[in-house]
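Peer 1: Fold the following, please.
(one chain, ligands or ions: 2)
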Amino acid sequence: MITMDDIIREGHPTLREVAQEVPIPPSAEDVKLGEEMIQFLKNSQDPEKAEELHLRGGVGLAAPQLDISKRIIAVHVPSIDPEKPEAELSTVMYNPKILSHSVQQACLGEGEGCLSVDREVPGYVVRAARITVSYFDKDGNKQKIRLKNYDAIVVQHEIDHLNGVMFYDHINEQNPLHLEDGVLVIE
Ligand SMILES: CNC(=O)c1cccc(C)c1Nc1nc(N2CCN(c3ccccc3Cl)CC2)nc(N2CSC[C@H]2C(=O)NC)n1
Ligand code: NI
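Peer 2: Ligands and ions are numbered 1, 2, ... in the order given. Okay, here's the model as predicted:
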């Protein structure tokens, strides 16, 4: 089971590497890893489990954060509608690729956090508001999905990890809270 002890922190070189594509269909080992990554995210969002296992809450995780330099990400975004308990977006993406993105940009109003960064880094992380992503699922089927707003932000954050990019690389150093006109702020 993945815990915070398995997550490497900023300063570890693997976080700055470009991760390798994985063979498709994913190996049994890579399928198992994906399942463990999703389970970690679910546990991190469960108050009891998170307390018991000392987990920080997350909705996304990338294999390089486990010191595994492979192009695998897991996202588990809970639905905001309590009537619909199932997750809004819950999937493991093998070799994800952003095919296209909107000109429209967006950012999280509260800034971004990262399980590999044990500090608050204030500032807006401006990303594309909508993206089209292709990836392979655990069965080796090629998927193509369109994401917007929070889901799009999370997937861009995790794909950044596959390219050695950290969220704060995007923050305007001169004025972290500067926002260009037209950037959608997601609260
Ligand atoms: C510095 N200010 C902030 O961090 C920040 C501050 C306020 C609000 C937001 C919205 C912020 N920003 C931010 N909050 C999150 N969570 C909110 C809490 N949540 C969660 C926690 C516990 C149980 C269930 C859940 Cl659902 C888990 C997810 N996640 C991300 N990111 C950036 S994209 C990848 C994603 C990620 O999973 N990071 C670990 N950013
Ligand atoms: Ni991160």
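
Peer 1: use CA for all of it now, contacts and neighbours both
Peer 2: OK.

Peer 1: can you pull the contacts of residue 73?
Peer 2: Residue 73 is in contact with 34, 60, 61, 62, 63, 92, 93, 94, 96, 158, 159, counting by Cα atoms under 8 Å, 6 or more residues apart in numbering.

Peer 1: ugh, wrong one, I meant residue 163
Peer 2: By Cα under 8 Å, 6+ apart, the residues touching residue 163 are 16, 17, 18, 19.

Peer 1: what about the first one, how many residues close to it?
Peer 2: Think residue 16. Per other Cα atoms under 10 Å, the neighbour tally for residue 16 reads 18.

Peer 1: Any idea how many residues pack against the nearest residue to it once chain neighbours are set aside?
Peer 2: For residue 16, ignoring the flanking residues on the chain, the nearest one in space by Cα to Cα, 6 or more residues apart in numbering is residue 164 at 3.8 Å. The burial count assigned to residue 164 is 16, neighbours taken as other Cα under 10 Å.

Peer 1: before we move on, the earlier item: tell me the one among the contacts of residue 163 nearest to residue 118.
Peer 2: Relative to residue 118, the closest of those is residue 16; by Cα to Cα it sits at 16.5 Å.

Peer 1: and the closest one, what does it touch?
Peer 2: 161, 163, 164, 165 are the contacts of residue 16 under Cα under 8 Å, 6+ apart.

Peer 1: Enumerate the residues of this protein near ligand 1.
Peer 2: With Cα under 6 Å from any ligand atom as the criterion, the chain comes near ligand 1 at residues 45, 57-60, 110-115, 120-122, 153-154, 157.
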